[in-house]
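# fold the following for me, if possible:
(2 chains)
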Amino acid sequence: MDYVPELYNEIEVGTRQQSVCSPSVPRSPWHGVVINAPERIIPVLGETLVIPVCGYYLISVLAIMDGAPLSIRVDLIDSDIYYTGVVQDNEDNSDDEPDVAPPDDAPVNSREDLEGVLTGGYFNIDLLSYLPHGLFTGTFDVTMSYAGSHSEPVRIVITEPKEPK
Amino acid sequence: MGLCSKPNKASKTKDASQSVKADSAVQPCPLKDANIVSVAWWVNDKEEASGTQWVNLPVEDKWVDGVDVKHKDWLGMKPSLKVKFDKPGAHSFKLTLLKPSGTDEYTATEKARNSHFKYTETIVNGTTDSDGTKVIKNAVELVAGGGYKFKVEAVDSKGKKVKTGILKTKRKFYYVEAKMKNLTSVLSSTAPVDAEYKKHHFEPSKLTALEIPLQENIGNRADSTMLSSNIVAAIDADAEVKEKNKYLLVVAYTDHLAVKNSGVDISKDNINVGPGKADAIIPVIAAGLLSPYTVDTRYLWHDLVGSESWFVSAEFHRNGGGVEVIPEAKVSADGSGDFWNKVKVDVTGMAVGVGRIVVKVNVVDRMRGGLALGGANQTCVCTRAWWRDQPNAKQECTIIHEIGHKLGMVAAGTGISPDKHATHYENKGHAGNHCFNGCSPGLSNYQGTANLTASTCVIFGAVNQKNAYCANCEKVVKKLDINAGF
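Residues are numbered from 1 along each chain as shown, chains lettered A, B, ... in the order given. Just a heads-up that it's a prediction; the model follows:
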């Protein structure tokens, strides 16, 4: 499919690293969630639709520990219709890998240590992986929330699909 | 047996029958008193009362090792039989493969999914050759699982029954250790691994170990791919190992299997900086890379890959505006031993002010005890984790666990696998199919010390040193179908 801007073709969804479409991080003392998404998506008949959203969060650690997980809201413009989803994956299980837990004497940060501490991270997701069903042609506003912080909405236009080349 | 006239008393004994004249009006029947006398397993042109059938291996001479497998007739799922009557002639008989004992019966859903879970339940009709015997091939089929004890019952036309002794099913696989050069803490003996699988009617045969190049850490796909390539090259160079490839598992010993989370931002607000101010202490904490992305204490990435540092960058975001770069020399790690869970920033060289310090660091996301490398016959086990040697018990645990994955555990009730059991879980804090026996059911995440301690099965999703399958899993392990190899 085609994305506008084209840079979204380079995004590897399902990763948690900075990407070419990651938003720039607002200056201190900001904290919250920021996201980027393609302005326009032209699906191709026969291809699986992928809607990349690239984001960054910087949130109080204690808020994350106690708050709601990273989640999505998609509003269809000029309607009352919206969809929601939680970003939780069934991760790739091609590697079956038993973890080795840290030993009992490994130090652990206490809640007191975490007062005033923020943690941040990038994410690159396929919106459709976390919604109960697919999206079709239309204009949508996408918002993401994490532990009580909400991003500004980004608008995505999904056009009529085109024939494959 | 409609070949003869009414029985003649004179024919009851051999001597009497010889006295009957050839031109007698009523011919005595040579078959009339024939009785079935035996049915036996037919191996290497000899009758065997009982034995072991290696059901997963093909009927090929290359799998005959003279130790476990003494003849190729002991291979495959279709053993041969010999029926014998006490007199020459064509005598009819019926054979039935009796319902096996020894291992749990396959369920209806398992049988529906995999034809190798169904034994021959139909009656086989046969007739002896002129010598009063018959060798029957490819008429009965066993099952793919291990520990099933089969008998065949044969009955003649008069209803006389005879049975074979027990033919027990087993499965055999080969494995080879591939040891990276210069490792210092490789498992000293794999006997406990063998013992665990023998309990479940597998026969693991260990081949002479291979040597592979050292990799400091296996942490991502590129590392795993290189490891796989090195293993394949080592196998290709060893004719004995290569010949067994279809039923061969590789246990590669590695150094660390650590996963890095790169460029994590940790920051703290309202830090006072300037001459005489105290060091800023920032806990190292980050979300996990695997769902459910738990935010928890992490440890700085150090001494795992020689060229890689934990430090990426540091900045001071002054309240009211302005960002100042903090030199690496002013930032140090703090913690206990190798577990560096805090970052310490010397702020005394900065102009007086208040603001946020942001430190970008590389952290350890997790340490794996082993890997079942995707889509192949290769597993690997780490000999070091969290900067320490892995004790033998943990390496044994990992090897039993990873071999289990390659054999088809924990069965998910799909494809050719047995049914999913009550304590199966998938992708709940641990990647892949595992068993939570001992822990509470229904959790969304089986990570954590409490679950690790409570777990009772070797194929729980973390290395728990419970080096045996639980009661739920051992029933499934016995049923696994490895006929197709690896």
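
# could you count how many residues lie near the residue in chain A that chain B sits nearest to?
Proximity of chain A to chain B (Cβ to the nearest Cβ) peaks at residue A:28, 3.0 Å away. Using the backbone N, CA and C atoms, a C-beta is placed for each residue, glycine as well. Counted with other Cβ atoms under 10 Å in any protein chain shown, residues neighbouring residue A:28 total 23.

# list the contacts of the spatially most central residue of chain A.
Centroid-nearest residue in chain A, with Cα atoms, centre = their mean: residue A:125, separated by 4.6 Å. With contact set as Cβ atoms under 8 Å, 6 or more residues apart in numbering or on different chains, residue A:125 has these partners: A:13, A:14, A:52, A:53, A:55, A:87.

# hmm, residue B:61 is touching residue B:71, no?
No: Residue B:61 sits out of contact with residue B:71 when judged by Cβ atoms under 8 Å, with a separation of 9.3 Å.

# give the buried residues for stretch B:89-103.
B:89, B:90, B:91, B:93, B:94, B:95, B:96, B:97, B:100, B:103 (16 or more other Cβ atoms under 10 Å in any protein chain shown).

# for the helix or strand harbouring residue A:155, what is the average pLDDT?
Under the criterion of DSSP states H and E, residue A:155 resides in strand A:154-158. On average, the pLDDT along strand A:154-158 is 97.

# let's see it as CSV, backbone CA atoms only.
The C-alpha coordinates for strand A:154-158 follow below in CSV (Å, rounded to 0.1, in the frame of the first residue of the first chain):
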residue,chain,number,x,y,z
VAL,A,154,-3.6,12.5,14.8
ARG,A,155,-5.8,12.3,11.7
ILE,A,156,-5.6,9.5,9.2
VAL,A,157,-7.4,9.3,5.9
ILE,A,158,-7.9,5.8,4.4
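
# just checking: what are the partner strands of it?
Strands that pair with strand A:154-158, judged by DSSP bridges, come out as strand A:40-42 (parallel), strand A:138-146 (antiparallel).

# give me the distance from it to the chain's centre.
15 Å (Cα atoms, centre = their mean, to the nearest Å).

# what is the neighbour count of residue 163?
By default, I'm working from chain A. 7.

# wait, chain B
Neighbours of residue B:163 using other Cβ under 10 Å come to 15.

# separation between it and chain A?
43 Å (Cβ to the nearest Cβ, to the nearest Å).

# is that residue bridged to anything, and to what?
With DSSP bridges as the rule, residue B:163 is bridged to residue B:153.

# quick one, what contacts it?
Residue B:163 neighbours (Cβ under 8 Å, 6+ apart): B:39, B:98, B:151, B:152, B:153, B:154.

# out of the contacts of residue A:125, which end up buried?
Judged by 16+ other Cβ under 10 Å, buried ones among the contacts of residue A:125: A:13, A:52, A:53, A:55, A:87.

# so the second one sits right up against residue A:38, yeah?
To tie it back to what came earlier, the one meant is residue A:52. Yes: judged on Cβ under 8 Å, residue A:52 makes contact with residue A:38 at a distance of 6.8 Å.

# how about low-confidence regions in chain B?
Applying pLDDT under 70 to chain B flags the ranges B:1-32, B:374-375.

# and the residue of it closest to chain A?
Closest point on chain B to chain A, by Cβ to the nearest Cβ, is residue B:317, at 3.0 Å.

# dump the residue contacts of the residue lying closest to that residue once chain neighbours are set aside.
Of all residues not flanking residue B:317 in the chain, residue A:28 sits nearest, at 3.0 Å (Cβ to Cβ, 6 or more residues apart in numbering or on different chains). Residue A:28 makes contact with B:317, B:318, B:319, B:323, B:355, B:356, B:358, according to Cβ under 8 Å, 6+ apart.

# now these in JSON lines, with neighbour count and secondary structure?
Shown next, in JSON lines, are those (neighbours: other Cβ atoms under 10 Å in any protein chain shown; DSSP: H, G, I helix; E, B strand; the rest coil):
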{"residue": "B:317", "neighbour count": "20", "secondary structure": "strand"}
{"residue": "B:318", "neighbour count": "18", "secondary structure": "strand"}
{"residue": "B:319", "neighbour count": "14", "secondary structure": "coil"}
{"residue": "B:323", "neighbour count": "13", "secondary structure": "strand"}
{"residue": "B:355", "neighbour count": "25", "secondary structure": "strand"}
{"residue": "B:356", "neighbour count": "24", "secondary structure": "strand"}
{"residue": "B:358", "neighbour count": "22", "secondary structure": "strand"}
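
# spell out which parts of the stretch 351-486 of chain B neighbour chain A.
B:355-356, B:358, B:366-375, B:382, B:385-386, B:388, B:390, B:394, B:397-398, B:401-402, B:405, B:426-427, B:430-434, B:447, B:449, B:452, B:460-463 (Cβ under 8 Å from any Cβ of the partner chain).

# residue B:85 contacts residue B:154, doesn't it?
No: counting by Cβ under 8 Å, residue B:85 does not reach residue B:154; the two are 10.0 Å apart.

# mutual contacts of these two, please.
Contacts common to residue B:85 and residue B:154, judged by Cβ under 8 Å, 6+ apart, are B:36, B:93.

# which of the two has more neighbours?
residue B:154 (26 against 22).

# test my guess that residue A:43 contacts residue A:1.
Yes: between residue A:43 and residue A:1 there is a contact at 5.0 Å, judged by Cβ under 8 Å.

# mutual contacts of these two, please.
With Cβ under 8 Å, 6+ apart, residue A:43 and residue A:1 have common neighbours residue A:49.

# okay, strands next: where are they in chain A?
Using DSSP state E, the strands of chain A run over A:2-4, A:32-36, A:40-42, A:52-60, A:71-76, A:82-86, A:117-126, A:138-146, A:149-150, A:154-158.

# can you map out the strands along the stretch 1-150 of chain B?
With strands called from DSSP state E, counting those that start in this stretch, the stretch 1-150 of chain B shows them at B:36-43, B:46-48, B:51-54, B:81-85, B:92-97, B:124-127, B:133-136, B:149-150.

# so what are the sheet partners of the fifth one and their directions?
Read that as strand B:92-97. Strand B:92-97 is paired, per DSSP bridges, with strand B:124-127 (antiparallel), strand B:152-156 (antiparallel).

# which residues of the stretch 201-350 of chain B lie near chain A?
Residues of the stretch 201-350 of chain B lying near chain A (Cβ under 8 Å from any Cβ): B:224, B:257, B:261-270, B:281-287, B:289-293, B:295, B:297, B:299, B:317-319, B:321, B:323, B:335-337, B:339, B:341-342.
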